[in-house]
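Novice: return atomic coordinates for the entry below.
(chains A and B)
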Amino acid sequence: MEQLFEKVFKELGYDVTPKVVKSNKDADFQCDECFKLAKDYHKAPVMIAGEVVDKLKAEPEFDNYFKEVSVAGPGFINIIVSDKYINDQLRKLMGKEILGATKEDKTIVIDYGGPNVAKPLHVGHLRSAVIGQAINNILKFKGNNTISDVHLGDIGTQMGQVIYGILIDFPDTKPEDIEIDLDYLNVTYPKMSALCKEDEKVKAKCLQITKELQDGDPTYRILWQKIVDLSVSDIKRIYDYLDVHFDLWYGESHAYKQFDEMMPYLEKQGILIEDDGAKIIDVKEEGDKIEIPPCLIQKSDGAYLYATSDLGTIWQRVKDFKPDEIIYVVDGRQSMHFVQVFRAANKGKIYNGVLQHHGFGTVNGEDNKPFKTRSGGALKLEDLIKQVKEVFISLREENKNMDEEDIDKIVNAIIKFADLQNNLERNYIFDIKKFSGVAGKTGPYILYTYLRINKIISESSGKLSNAIYSETDRALRLKMLEVSSVIDQASKERRPHYLADYLYDLSVTANNFYQNNKVSGLDGIQKDDFMTILNFNNYIIETLLELLGIKIPKAM
RNA sequence: GUCUCCGUAGCUCAGCUGGAUAGAGCAACGCCCUUCUAAGGCGUGGGUCAUAGGUUCGAAUCCUAUCGGGGACGCCA
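Specialist: Below you'll find the predicted structure:
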């Protein structure tokens, strides 16, 4: 349609590539190009629009595209497309792969999850997992080769703290004979963390242990491995429940293995500067509005830092995958850190591809500060899931007899859709009600729509006539045509909420169709047309839900 | 203090590469189950898009300032 518009504009002597956009007025689409042309061509927009509409109407192909094209207001061109146009587009779309989205074939490493070993997953980890997985799914869908990495925080200070705790609790046992379990971990970490805040000596000791662990102390290594094994299997269990998966379960400890190669390389670049005994990379750039602090590579005591491990990780990824892009789905509060790391990676000639940080907002409590339970701790992710499940089951009698697998799928849908419908970079206030709703703009609403329609569809020829049978039918067909651009937009901006939003819109439109177009009792072409449409509608819902990481239950 | 994100209906949020009367959900009220799942559909009320300027034919959207909130700001991660 845009091509036809361009042809007409050009033939009238206007040099533009006009855009046709969705209209929120009474038309299907509109073209607002005439306003921009008015100045250059010294003509009123209405006049230009009039010329375009007249010429359009004289085109032999007019009926293939339009039912009605008219000038509105001060110079808008309103477009109502013909039924044939809608069906032509739909037929084309149905014949395309990946729902008409544009294909890509980049190699992209995507870093999300980021749990800390020895600490349980809490609500803050939900966002990285859910958003990261969705972005991963979308990029993969478009044909990219994605490599997901959980990037465990497995060798930071908390490890030193827990190891010290173990040494206190098991003073006389040989490290290989010490037996600990998950409950022990869940008690010891908070205990030691609190102790470090009170007691400088304990804190210093923990830091020392951390440093020696990083340097490979054999005793600490043994204990460390025990902690990692325990914790990681627990973390995996929760991610599995959420259907969040990683190709790589690397952590900071893997990055540390790169330092033997990376540090001399950085030295050779001549960018490591000694400063108060520490080694830094100056990452200031001209035009900075704010003074970006230098990137700290090595502490004065020789220990490496957060930024160093992220650089090591990049080093490894470049070596292993030569990625076109590395993207991070990590808490937005770390944006300064990533600016430093990205610049350091560039300046140190470690990587010259695309580095992106998609920082998401925090999950806040009523006080608008990062969420804490009444007792002051973070709400465990597992407890959130349990709560949602309980609420869901108690919602109505039928739910009590529901298939366990189906319940879990719906719980997943509730939680994920509640999170994914928000723009990822915003904070939101955590409200258990938000995570237990099944009415309105929720995951279950979409599942329900799908299942309802699924029940009335039967085989179809997959063909469409040129007929459209009602307003609600027309609306559904038009809505389906938007899917390609929605996927592209979500992928380009790495914003899954575009998909969530569209999925909801589509479901509303489909529910409308369902309510107003009775299928039973139909036969012949109309029945076949309806079946084709509904099949395609559900194919779209299915596909997009999958991209959001939501599975469809058998019944609800 | 500097930088940054944000301020849209009672509540929770979309919309922000500028377009015509600003959209959803929840909550409130009214209607629709002898007809493909009422976890549904239809309708009503509810807004100076924080405030003030500016750019523009046109601003919730872009620019500036102010107010209010979150966050970040060198040896933690």
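
Novice: from RNA strand B, how far out is the residue of chain A positioned farthest from its centre?
Specialist: Relative to the centre of chain A, and counting by C-alpha atoms, centre = their mean, the farthest-placed residue is A:D172 at 48.3 Å. To RNA strand B, A:D172 is 30 Å away according to C-beta to the nearest atom of the strand, to the nearest Å. The C-beta positions use only the backbone N, C-alpha and C, and glycine is treated the same way.

Novice: kindly report the same for A:K174.
Specialist: For A:K174, the distance to RNA strand B - C-beta to the nearest atom of the strand - is 28 Å.

Novice: now do A:N517
Specialist: 6 Å.

Novice: so what's that residue scoring on pLDDT?
Specialist: A:N517 is assigned 93 on the pLDDT scale.

Novice: cool, and A:Y304?
Specialist: So A:Y304 comes in at 89 (pLDDT).

Novice: name the nearest residue to it, sequence neighbours excluded.
Specialist: For A:Y304, ignoring the flanking residues on the chain, the nearest one in space by C-beta to C-beta, 6 or more residues apart in numbering is A:Q298 at 5.9 Å.

Novice: make sure that neighbour is actually in contact with A:K279.
Specialist: Yes: counting by C-beta atoms under 8 Å, A:Q298 does reach A:K279; the two are 4.0 Å apart.

Novice: okay, now the residue of the stretch 1-150 of chain A found nearest RNA strand B: neighbour count?
Specialist: Nearest residue of the stretch 1-150 of chain A to RNA strand B, counting by C-beta to the nearest atom of the strand: A:F35, 3.0 Å away. Applying other C-beta atoms under 10 Å, we find 13 residues neighbouring A:F35.

Novice: again with A:S458
Specialist: 10.

Novice: what about it, distance to RNA strand B?
Specialist: 10 Å.

Novice: where exactly do the helices run in the stretch 351-500 of chain A?
Specialist: With helices called from DSSP state H, counting those that start in this stretch, the stretch 351-500 of chain A shows them at A:381-394, A:397-400, A:404-420, A:443-456, A:471-480, A:483-493, A:497-516.

Novice: among those, which comes closest to A:T188?
Specialist: Among the helices of the stretch 351-500 of chain A, the nearest to A:T188 by C-beta to C-beta is helix A:381-394 (18.2 Å).

Novice: can you give me the angle that closest one makes with helix A:443-456?
Specialist: 50 degrees (axes from the mean of the first three to the mean of the last three C-alpha atoms, to 10 degrees).

Novice: what packs against helix A:381-394?
Specialist: helix A:123-141, helix A:218-241, helix A:397-400, helix A:404-420 (3 or more C-beta pairs under 8 Å, 6 or more residues apart in numbering; DSSP states H and E).

Novice: please identify the deepest-packed of those.
Specialist: With neighbours defined as mean count of other C-beta atoms under 10 Å, the helices and strands packed on helix A:381-394 peak in mean count at helix A:123-141, which reaches a mean of 24.

Novice: quick check: next helix or strand after it?
Specialist: strand A:145-149 (DSSP states H and E).

Novice: coming back round to it: quick one: contacts for the residue nearest to A:Y304?
Specialist: Contact analysis of A:Q298 by C-beta atoms under 8 Å, 6 or more residues apart in numbering lists A:278-279, A:304-305, A:308.

Novice: and RNA strand B, which of the residues you listed contact it?
Specialist: A:278, A:305 (C-beta under 7 Å from any atom of the strand).

Novice: in CSV, list the contacts of A:Q298 along with distance to A:L478.
Specialist: Output for those, formatted as CSV (distance: C-beta to C-beta, whole Å):
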residue, distance to A:L478
A:A278, 61
A:K279, 60
A:Y304, 56
A:L305, 54
A:T308, 53
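
Novice: emit the ChimeraX select command for whichever of the contacts of A:Q298 are buried.
Specialist: Restricted to buried positions by 16 or more other C-beta atoms under 10 Å, the ChimeraX selection for the contacts of A:Q298 reads:
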select /A:278,279,304,305,308
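
Novice: which of the contacts of A:Q298 fall in helices?
Specialist: A:T308 (DSSP state H).

Novice: quick check, nearest of the contacts of A:Q298 to A:G359?
Specialist: The closest of the contacts of A:Q298, once distances to A:G359 are taken by C-beta to C-beta, is A:L305, at 19.7 Å.

Novice: just checking, the closest one touches A:P294?
Specialist: No: applying C-beta under 8 Å as the test, A:L305 and A:P294 come out as separate, 11.6 Å apart.

Novice: shared neighbours, these two?
Specialist: With C-beta under 8 Å, 6+ apart, A:L305 and A:P294 have no common neighbours.

Novice: quick check: A:N116 touching A:H151?
Specialist: No: with contact defined as C-beta under 8 Å, A:N116 and A:H151 do not form a contacting pair (10.5 Å).

Novice: ok, for A:I166, nearest residue in space, not its chain neighbours?
Specialist: A:L223 (5.6 Å).

Novice: my guess is the one you found contacts A:I178. True?
Specialist: Yes: A:L223 is in contact with A:I178 according to C-beta under 8 Å; the separation is 6.9 Å.

Novice: give the residues shared as contacts by these two.
Specialist: Listed as contacting both A:L223 and A:I178 by C-beta under 8 Å, 6+ apart are A:I166.
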